[in-house]
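Peer 1: Pasting the sequence and the predicted coordinates here, then a few questions.
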Amino acid sequence: MKKRFLIVSLAILSFLFILYIIKYSYSPKGYLLDFPIFYEITKSPVEKEFEVVFDKTDYDSIIFPRLSYNEISVYLNDVLIYENGYKYSSLWNKAFYVVFDKNLLKEKNKLKIKLKGLYDIGIHKKIFLTDRMTAIKKVYFLNFLNENIYLISLGAAIVLGVILLIISGYNNLKYFKYIGLSSLFAGIYIFDIISRLYNGGFLLAFILRKIFLISFFISSILILIGIEYYFFNRIKSKIMVYFTLISIFLVLLSPNFYYLKLFTNYLNLIAMANLMIVTYWIFKSKNIYLLFPVTFLTITSIHSILILLLKLNEPLIFGYGVLAATLGFGFSLVLEYKYVVEKNKILIDKALIDPLTGAYNRNVFENNKFKGYFAIIDIDDLKKINDKFGHSKGDEILKNFVDIAKNNLRNTDYIIRLGGDEFAIITDSENIKKIIERIRKIYNEKTGFDFSYGISSFNEKNYYELADKNLYNMKHSNKKMTS
């Protein structure tokens, strides 16, 4: 329990550390411009214009750390110096800078910004003037922390999803399938967070927005189902499945961007509840590998949902949660798959290996198509050995034979116990008789006993009967020689 609380505490501290780094990255370095900090959801497309006056400066660049908008125009002393976006673009998460000609500057300067928003609009962080090199470094750092991380998370989520689906296809592991699908839908949702200059026309942009948001709900419920199959082999939180389906239905019914934004801000609480239940199950379990990434994902989800719900001017770090969850699940499920493979190997070995001698048993014939030569070997007088010296001596004789055979066969050859005192050797070596005679000689020298054998080729349809017949002939011949 202490270890689990320690891991949860570490996840919280990691969240606070990343949050501090990102908030620090927004710290302005230069001349602050007195633009208002605000954010609002609009019922219809809106255009807002803001204007500030500043004194002449040596700076030549303007940094826009974070805005919510679809189109922007920037004017310096009534001269257009920057224009970007489109009515259906998505640029809210991208930092950028504008370099202007210093010859445009006067003693008093007017900077005007025109913002157009389809369903929301805002200035989230202070806009400021600085020099070009500082602007390049600042914007690069901001975009790496607040946008590029989503590209990394997107790639990681899709790769993990595909791998888990492939594994589930081969091994019929339900929880791999559900978690893999959850990862893929998380990747689809991340598309909504990445800046895009073009989303098509109104209808396509509206459909894409719904697809991205629905993907978040689907991802959250699939990871819950996957975790419950992992721990309980059944769905325990059926009520959350119904709530999630209702959320998806409401998103589909949203008549416009305004209500879509409004609905999802509140419906995100359902997705948050799904992730919190996942965290609860993992916290109760002994799987410490999953506890950190899932706790971190849940914290970043709660943080992001609260920001959207309360319209706070804070950076979103949900991408870090997806990345942590992807890496954590990837690592944990690889370990789990390794365990399953090893467990299956043990079961297969138990099914194929004779427990007394360590040779293969008859089951090996079921899944293999052999080529080359087949030899049946019969340990002479094993019954007499058991009667005279006891079954422990007979078992020792059988083990000795298998050990000697293994030491004189190649890794690609087979030594199989057919039952009792009867064995088979399978090899594609043309020198099979020479190999068996060598084994026979060593076996005789070590134990003082002998065996008989019969050889045939797999090219013969009745190879088994032919080898058995040759064995019988050798036994009969040996008996004549000893009588």
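Peer 2: Cool, got the structure. Residues are numbered from 1 along each chain as shown.
Peer 1: all contacts plus neighbour counts: C-alpha atoms, from now on.
Peer 2: Fine.
Peer 1: Need the residues that contact stretch 363-380.
Peer 2: Here stretch 363-380 makes contact (C-alpha atoms under 8 Å, 6 or more residues apart in numbering) with 351-352, 398, 421-429, 432, 449-459, 463-464, 467-468, 471.
Peer 1: now that stretch, how far from the centre of its chain.
Peer 2: 42 Å (C-alpha atoms, centre = their mean, to the nearest Å).
Peer 1: buried residues in that stretch?
Peer 2: Within stretch 363-380, the residues scored as buried using 16 or more other C-alpha atoms under 10 Å are 364, 373-380.
Peer 1: that older thread, buried only: go through the contacts of stretch 363-380 for me.
Peer 2: Counted by 16+ other C-alpha under 10 Å, these give 352, 398, 421-427, 432, 449-458, 463-464, 467-468, 471 as buried.
Peer 1: Just list the residues touching the residue positioned nearest the centre of the chain, thanks.
Peer 2: Nearest to the mean C-alpha position of the chain, counting by C-alpha atoms, centre = their mean, stands Leu160 at 2.7 Å. Listed by C-alpha under 8 Å, 6+ apart, the contact set of Leu160 reads 180, 183-184, 326, 330.
Peer 1: What are the boundaries of the helices in the stretch 351-483 of the chain?
Peer 2: 382-389, 391-407, 432-447, 463-482 (DSSP state H, counting those that start in this stretch).
Peer 1: Out of those helices, which is closest to Phe263?
Peer 2: For those, the distance to Phe263 is smallest for helix 391-407, at 70.4 Å, taking C-alpha to C-alpha.
Peer 1: so that closest one versus helix 382-389, what angle?
Peer 2: Angle, helix 391-407 to helix 382-389, by axes from the mean of the first three to the mean of the last three C-alpha atoms, to 10 degrees: 130 degrees.
Peer 1: what angle sits between helix 391-407 and helix 432-447?
Peer 2: Using the same axes, to 10 degrees: helix 391-407 against helix 432-447 is 140 degrees.
Peer 1: for helix 391-407, packing partners?
Peer 2: When contacts are defined as 3 or more C-alpha pairs under 8 Å, 6 or more residues apart in numbering; DSSP states H and E, helix 391-407 packs onto helix 382-389, strand 414-419, helix 432-447.
Peer 1: Contacts for that helix, please.
Peer 2: Contacts for helix 391-407 (C-alpha under 8 Å, 6+ apart): 356-359, 379, 382, 385-386, 415, 421, 439, 442-443, 447.
Peer 1: returning to that earlier point: identify whichever of the helices and strands packed on helix 391-407 lies nearest to Phe296.
Peer 2: Taking the helices and strands packed on helix 391-407 one by one with C-alpha to C-alpha, strand 414-419 is closest: 51.7 Å.
Peer 1: which secondary structure elements does that closest one contact?
Peer 2: For strand 414-419, the elements it packs on are helix 391-407, strand 422-427, judged by 3+ C-alpha pairs under 8 Å, 6+ apart.
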